[in-house]
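Chemist: Output the structure for:
(one chain, ligands or ions: 1)
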Amino acid sequence: MTPTELTTAVQRRRTFAIISHPDAGKTTITEQLLLFGGVIRQAGTVKGKKSGQFAKSDWMEIEKQRGISVTSSVMQFDYAGKRINILDTPGHEDFSEDTYRTLMAVDAAVMVIDSAKGIEPQTKKLFKVCKMRGIPIFTFMNKLDRDGREPLDLIAELEELLDIEGCAMNWPIGMGKDLRGLYDITKKRIELYRPTDVEEPYLALDEAGRIAGDNPLKEDSVYTQALDDIELIGEAGNAYDPAKIATGDQTPIFFGSALTNFGVKTFLESFVDMAPQPEAHLTQEATEITPTSPDFSGFIFKIQANMNPAHRDRIAFVRICSGEFQRGIDITLTRTGKKMRLNNSTEFMADTREQVTSAVAGDIVGLYDTGNFQIGDTIYAGKEAISFEKLPQFTPELFMRVTAKNVMKQKSFHKGIQQLVQEGAIQLYKTYTTGDYILGAVGQLQFEVFQYRMQHEYNSEVIMEPIGSRTARWINPDQLDEKMSSSRNLLVKDINDAPLFLFENKFAERWFADKYPEVELTAKL
Ligand code: G4P
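Modeler: The predicted structure is shown next:
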């Protein structure tokens, strides 16, 4: 690829994640986007709990059983001259760790909100991570075909709870049974809901922003109500500000109904125009690596073992930060200095995994891994060593002591734990003196998935003994005295052998701080 070709290719990339609270409609909207992208031909292929078909991204058996998406997957398609990469994020609250890391690999996020429910807890948590990254966040207020809350009320709540400015791009004319259409504020037209003439789904507006010509909708009270609201937000709302959108300080808001495919295309069209192309990534030395610089570089944000149980494969997901990735490329793994030729890689078109011929900055590729990679690793092809900024670690809150049920099967037990920990599915600690295994997770379901996968993928039945919710605090090893440990503040080591205490509760932590005022305790993110 010439430098000009690379620049053109990079400028075409739009890489984003969709975040939402479970059931807000993330899967439904993803499916509509894939339909527009021509990746799937029929609704219901991504998820159809009722029809017995499952999401292309639902690789694992447990997902089918629970009907939730446990792992993030990547879907790629072309639309309006752009190459879109959607990184799916599990909506279930217990999988926030995996989701958080996925958000490190995207350039923008789309937040789907159920218009009857407003901002829900999981949305809030995920939003915080996007905000921390300073990436643009687009909002889709979903389920307009149902009676929901007043649009003004929804925007007010969003601004208050998430501390971000909202800027409506379109406005609902009615809702639920009375849904008539969407008033497109930027394109100055009305998009009709279930138009009588499907060839003509739009109504033109005159100079004053009113329906041009005769139309029964003019007399409809939901239309006049919408006009009042639009006037109000025009005067008292936030002015559209691309600079604020770019830094995640303002979110463009789109209304619609994913299920009835209303407003989704309008959203997608605006999104591809407004969403950012891949931007520079910072190294640990704060050097900017621009996406169009010729040498390939990227970082691993996720490792998934056994995506296909028949092949026992392990895939490391790489976000490309600069240059071009070609099959057979020679790279260096920064952490170990090891040089490798990457012959076996994959692109993601949902379940059709194709060999990558060429991918550029902004794209995600999957590398078949035989145990070389860890989450957070940088790989690069140039002469200068690169090490991208560390991925944030999220402190687990729930802990379990874990042992193998069958003592004769220690080998598979250790192998399973090691691989699942490396994959980032769960955190592993060892008690300081006895070396017992303690697992840490953000949510209960993570333990269940661990147990299930140990049994099904590694043939190792495990015994899990809850030690409850704990607060993990790292201690400077120079200040450590093993006598400080008690049942209330269990002393353990993390996988890097760094010592930490698992405090039973806030009181135990406070008691400790009073007793050892000179000791510094630190939390991770
Ligand atoms: P999620 O991925 O965010 O968890 O949500 P998902 O798309 O699975 O949607 C959750 C439920 O909400 C689904 O119904 C889906 O059909 C419904 N839904 C999504 N978008 C809309 C919308 O615009 N309007 C209405 N009325 N409903 C919507 P379900 O019955 O729970 O799922 P299923 O059993 O049909 O799969």
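
Chemist: List the strands paired with the helix or strand residue 316 falls within, with their directions.
Modeler: For residue 316, the element it lies in under DSSP states H and E is strand 314-322. Here strand 314-322 is paired, per DSSP bridges, with strand 297-305 (antiparallel), strand 364-368 (antiparallel).

Chemist: Redo these as a markdown table? Include mean neighbour count and distance to the ligand.
Modeler: All C-beta atoms are positioned from the backbone trio N, CA, C, and that covers glycine. Below are the strands paired with strand 314-322 laid out as a markdown table (neighbours: other CB atoms under 10 Å; distance: least, CB to the nearest ligand atom, whole Å):
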| stretch | mean neighbour count | distance to the ligand |
| --- | --- | --- |
| strand 297-305 | 25 | 19 |
| strand 364-368 | 22 | 20 |
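
Chemist: Flag the shaky bits of the stretch 301-450 of the chain, pLDDT-wise.
Modeler: Confidence mapping of the stretch 301-450 of the chain against pLDDT under 70 gives the ranges 305-313, 346-357.

Chemist: show me the residues around the residue in the stretch 51-200 of the chain that the ligand sits nearest to that make contact.
Modeler: Nearest residue of the stretch 51-200 of the chain to the ligand: residue 143, at 3.9 Å (CB to the nearest ligand atom). Taking CB atoms under 8 Å, 6 or more residues apart in numbering as the contact definition, residue 143 lies against 25, 114-116, 257-259.

Chemist: likewise residue 289?
Modeler: 280-283, 297, 321-322, 386, 388.

Chemist: Most neighbours among those, which one is it?
Modeler: Among those, the one with the most neighbours (other CB atoms under 10 Å) is residue 297, at 29 neighbours.

Chemist: List the contacts of the nearest residue to that residue once chain neighbours are set aside.
Modeler: Nearest non-adjacent residue to residue 297, counting by CB to CB, 6 or more residues apart in numbering: residue 380, 4.1 Å away. Neighbouring residues of residue 380 by CB under 8 Å, 6+ apart: 295-298, 331-332, 334, 386.

Chemist: In strands, which of those residues appear?
Modeler: Counting by DSSP state E, those place 297-298, 331-332 in strands.

Chemist: In these, find the pair that's most separated.
Modeler: Farthest-apart pair in these is 298 and 332; separation 11.9 Å (CB to CB).

Chemist: between these two, what contacts are shared?
Modeler: With CB under 8 Å, 6+ apart, residue 298 and residue 332 have common neighbours 379-380.

Chemist: In the stretch 301-450 of the chain, mark out all the helices, start to finish.
Modeler: Assigned by DSSP state H, counting those that start in this stretch, the stretch 301-450 of the chain shows helices spanning 410-422, 444-458.

Chemist: For residue 469, which of these is the nearest?
Modeler: So among the helices of the stretch 301-450 of the chain, helix 444-458 is nearest, using CB to CB, at 9.9 Å.

Chemist: and that closest one, how far out from the chain's middle?
Modeler: In this view, helix 444-458 has its centroid 22 Å away from the chain centroid, taken as CA atoms, centre = their mean, to the nearest Å.

Chemist: what angle sits between it and helix 410-422?
Modeler: Interaxial angle of helix 444-458 relative to helix 410-422 (axes from the mean of the first three to the mean of the last three CA atoms, to 10 degrees): 130 degrees.

Chemist: if we look at stretch 236-245, which residues are touching it?
Modeler: Applying CB under 8 Å, 6+ apart, the contact partners of stretch 236-245 are 136, 155, 165-168, 186, 250-252, 274.

Chemist: Now list the buried members of those.
Modeler: For the contacts of stretch 236-245, a burial check counting by 16 or more other CB atoms under 10 Å picks out 136, 155, 165-168, 250-252, 274.

Chemist: Please spell out which residues along the strand holding residue 316 are buried.
Modeler: 314-322.

Chemist: and what of stretch 233-242?
Modeler: Buried residues in stretch 233-242 (16+ other CB under 10 Å): 233, 237-238.

Chemist: how long is it from one end to the other?
Modeler: Criterion CA to CA, to the nearest Å; first-to-last residue distance in stretch 233-242 is 18 Å.

Chemist: Let me see the mean pLDDT of it.
Modeler: The predicted model assigns stretch 233-242 a mean pLDDT of 94.

Chemist: Quick one: distance of it to the chain centre.
Modeler: What separates the centre of stretch 233-242 from the centre of its chain is 28 Å, taken as CA atoms, centre = their mean.

Chemist: same deal with stretch 320-332?
Modeler: Relative to its chain's centre, stretch 320-332 lies at 24 Å (CA atoms, centre = their mean).

Chemist: hey, C-alpha coordinates of it in PDB?
Modeler: This file holds the C-alpha atoms of stretch 320-332, laid out as PDB (Å, rounded to 0.1, in the frame of the first residue of the first chain):
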ATOM      1  CA  ILE A 320      -4.400  -1.900  14.800                       C
ATOM      2  CA  CYS A 321      -3.100   1.500  15.800                       C
ATOM      3  CA  SER A 322      -0.900   2.300  12.800                       C
ATOM      4  CA  GLY A 323       0.100   1.100   9.400                       C
ATOM      5  CA  GLU A 324      -1.000  -1.900   7.500                       C
ATOM      6  CA  PHE A 325      -1.300  -5.500   8.700                       C
ATOM      7  CA  GLN A 326      -0.700  -8.200   6.000                       C
ATOM      8  CA  ARG A 327      -0.700 -11.900   6.300                       C
ATOM      9  CA  GLY A 328       2.800 -13.200   7.100                       C
ATOM     10  CA  ILE A 329       3.900  -9.900   8.600                       C
ATOM     11  CA  ASP A 330       7.000 -10.000  10.800                       C
ATOM     12  CA  ILE A 331       6.400  -8.400  14.200                       C
ATOM     13  CA  THR A 332       8.000  -8.000  17.600                       C
END
